[in-house]
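# Sequence isn't available, so here's the structure alone:
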């Protein structure tokens, strides 16, 4: 994530300079490998709902800060980091992430998923071809 201008999420308080920061492991590719495409999208949607503002139905910097702390235990995220993360995925320029923008951002920021994209696509094509053949 750091190479795309988005802060790396760390566990714990970033206000402690001596505290060891731990990067979170990229589990998106593991999820995509273990789940079929529908289940994977359902998991992404569940993550979106955890972080979105109930009033707007979108992820705002403020809802990301609340959700990150409450649901993910990321108490060290700053307002600037949350704003940068939302800005990174905000394709329509409204200052928030809708569910589609969130899903695209999560896939883009997953190095493992991007590396495995061709194999995952081939797997889904094979599944769809088998489904069509069994119904045709």
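Okay, I see it. Model, not experiment: these values are computed from the prediction.
# From now on I want contacts and neighbour counts done on CA atoms only, so please keep to that.
Noted.
# Residue 77 is in contact with residue 66, isn't it?
No: taking contacts as C-alpha atoms under 8 Å, residue 77 lies outside contact range of residue 66: 9.8 Å.
# Those two: who's more crowded?
residue 77 (23 against 20; other C-alpha atoms under 10 Å).
# which SS class is the more buried one?
At residue 77 the chain is in coil, as set by DSSP: H, G, I helix; E, B strand; the rest coil.
# where does it fall, phi/psi-wise?
Backbone geometry at residue 77, expressed as degrees, to the nearest 10, gives phi -70, psi 130.
# For the chain, spot the helix or strand the model is least confident about on average.
Taking mean pLDDT, DSSP states H and E as the measure, the chain has helix 111-115 as its least confident helix or strand, at a mean of 68.
# doesn't residue 29 make contact with residue 112?
Yes: counting by C-alpha under 8 Å, residue 112 does reach residue 29; the two are 5.3 Å apart.
# For residue 39, give me phi and psi.
phi -70, psi -40.
# joint contacts of residue 112 and residue 29?
When C-alpha atoms under 8 Å, 6 or more residues apart in numbering defines a contact, no residue borders residue 112 and residue 29 alike.
# Looking at those two, which is more packed in?
residue 29 (19 against 16).
# ok, and that one, which helix or strand is that part of?
Per DSSP states H and E, residue 29 falls inside helix 28-34.
# what ranges do the helices span in the protein?
For the chain, the helices defined by DSSP state H occupy 28-34, 37-51, 61-72, 79-89, 99-108, 111-115, 117-135.
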